[in-house]
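> Requesting a structural model of the entry that follows:
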Amino acid sequence: MVLEYWLTEGGYSATGALLDYIIENHIASPRLANRAASQNISVFELLNKILESMVQDLNSPFLVALTKDIHVLRDFHGKRSPIANPKLKGVVCGLTLDTSEKLMALLYLAIV
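Numbers count the residues shown, from 1 in each chain. Next up is the predicted model:
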């Protein structure tokens, strides 16, 4: 910061915490963690592999198109900038009763 100048800050204060929350609390998390450990890779690497295979299997034109039916308002811990509002709450729209690793991968993608 420099005196007499404005500073603009961007970003989400809880993105990492939100990713941890989704991954740790999804019902497929233990299965996914075991699969990742057996392949000696991180859960994130396995999620990315699942997403890559889904792009191929579903003939998706690009990766982000997989989340066309899942929408996330990431303000689970308020909003810092550019218009701060610490009382905002997050929303995940488009959830189904699907408990698969594929849906977990889609939630991960929608949040990142």
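> CA atoms for contacts and neighbours, from now on please.
Noted.
> list the helices and strands the top helix by length along the chain packs on?
Longest helix in the chain, counting residues (DSSP state H): helix 43-57. Contacts defined by 3 or more C-alpha pairs under 8 Å, 6 or more residues apart in numbering; DSSP states H and E place helix 43-57 against helix 29-38, helix 101-111.
> one more time with 10 Å
Using 3 or more C-alpha pairs under 10 Å, 6 or more residues apart in numbering; DSSP states H and E, the elements in contact with helix 43-57 are helix 15-25, helix 29-38, helix 101-111.
> In JSON lines, list these along with distance to residue 95 and mean pLDDT.
JSON lines is the format used below for the helices and strands packed on helix 43-57 (distance: least, C-alpha to C-alpha, whole Å; pLDDT from 0 to 100):
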{"stretch": "helix 15-25", "distance to residue 95": "13", "mean pLDDT": "85"}
{"stretch": "helix 29-38", "distance to residue 95": "16", "mean pLDDT": "97"}
{"stretch": "helix 101-111", "distance to residue 95": "9", "mean pLDDT": "95"}
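> okay, those in JSON lines with mean neighbour count next?
Formatted as JSON lines, these follow (neighbours: other C-alpha atoms under 10 Å):
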{"stretch": "helix 15-25", "mean neighbour count": "14"}
{"stretch": "helix 29-38", "mean neighbour count": "15"}
{"stretch": "helix 101-111", "mean neighbour count": "20"}
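> Low-confidence stretches in the chain?
1-2, 6-15, 81 (pLDDT under 70).
> hmm, back to that, and residue 64, which of the helices and strands packed on helix 43-57 is closest to it?
Nearest to residue 64 among the helices and strands packed on helix 43-57 is helix 101-111 (7.5 Å), distances taken as C-alpha to C-alpha.
> Report the angle between the closest one and helix 15-25.
If you take axes from the mean of the first three to the mean of the last three C-alpha atoms, to 10 degrees, helix 101-111 sits at 170 degrees to helix 15-25.
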